[in-house]
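1. Need a 3D model of the sequence below.
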Amino acid sequence: MLTATMAPGYSQFHDERGVKVYKHDGAKIIDFAAEGDFAAPPEKVERVLLDYANHARWARGVAESRVLATGPFSLVVYQRLDLPVLEDRDYTLLVTWGTDGDARWLRFSTANDRGPAPRPNVVRVNVHEGGWKLIPTNDGKSTHAVYQFRLDLAGSFPAWMGRGRAGKDIPALFDAIRNQLRYY
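-> Take a look at the predicted model:
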């Protein structure tokens, strides 16, 4: 995963609360990258990110988040989104993680075949993929995080609306993670 500022095809979209957000130019789906800092070591940030069982408590728009299976370096997670104006969306993710030198990485991608069947009145998302790279700074006491994701919300709604909203919600995600760090 490249840093967002070097990723080809991305241009800066938003800069707020210490988080730079980049959008993929010309993408027909939601396709963003972001980078910002956390005042905690990478392993602590990783614990927050991997605590999918509690994402519905603090991640905006996540109405349900259940861990379906665990492995040594993987999780299968079902999530349902409750988004303003739109019907609920859901998907199952395969989440993997590891290290690359001093940095930690986490990747996720849809794995709907490993989760529950589609629900009535809930739109199934087939494209949701991305990840985090957590780079130690300040002698390992802090983290520079790079986040990238692609998401097709499916169903019928103006795609520009989803892209604009998602890009502006990313600094709030970083803030929510910062707030959760005190519990880990």
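2. secondary structure class for the residue nearest to residue 64 when sequence neighbours are not counted?
-> Ranked by C-beta to C-beta, 6 or more residues apart in numbering and with sequence neighbours excluded, the top spatial neighbour of residue 64 is residue 80, at 4.0 Å. Heads up, the C-betas are built off the backbone N, CA and C, glycines and all. Local secondary structure at residue 80 is given as strand here, using DSSP: H, G, I helix; E, B strand; the rest coil.
3. Provide a list of residues in contact with residue 80.
-> For residue 80, the contact set (C-beta atoms under 8 Å, 6 or more residues apart in numbering) comprises 62, 63, 64, 65, 88, 89, 90, 119, 122.
4. which SSE is residue 55 in?
-> Following DSSP states H and E, one finds residue 55 within helix 55-58.
5. any idea how far the residue nearest to residue 64 lies from residue 172?
-> Relative to residue 172, residue 80 is positioned 19 Å away (C-beta to C-beta, to the nearest Å).
6. correct me, but residue 145 touches residue 40?
-> No. Counting by C-beta atoms under 8 Å, residue 145 sits too far from residue 40 to count as a contact (10.3 Å).
7. does residue 98 count as helix, strand or coil?
-> Taking three-state DSSP, the label given to residue 98 is strand.
8. Quick check: bridge partners of it?
-> With DSSP bridges as the criterion, residue 98 is bridged to residue 105.
9. Ok, residue 34 next?
-> Taking DSSP bridges, one finds residue 21, residue 147 as the beta-bridge partners of residue 34.
10. Hmm, it is touching residue 133, no?
-> No. Using C-beta under 8 Å, residue 34 makes no contact with residue 133, being 11.3 Å away.
11. Need the residues touching each of those two.
-> The contact sets of residue 34 and residue 133 overlap at residue 146 (C-beta under 8 Å, 6+ apart).
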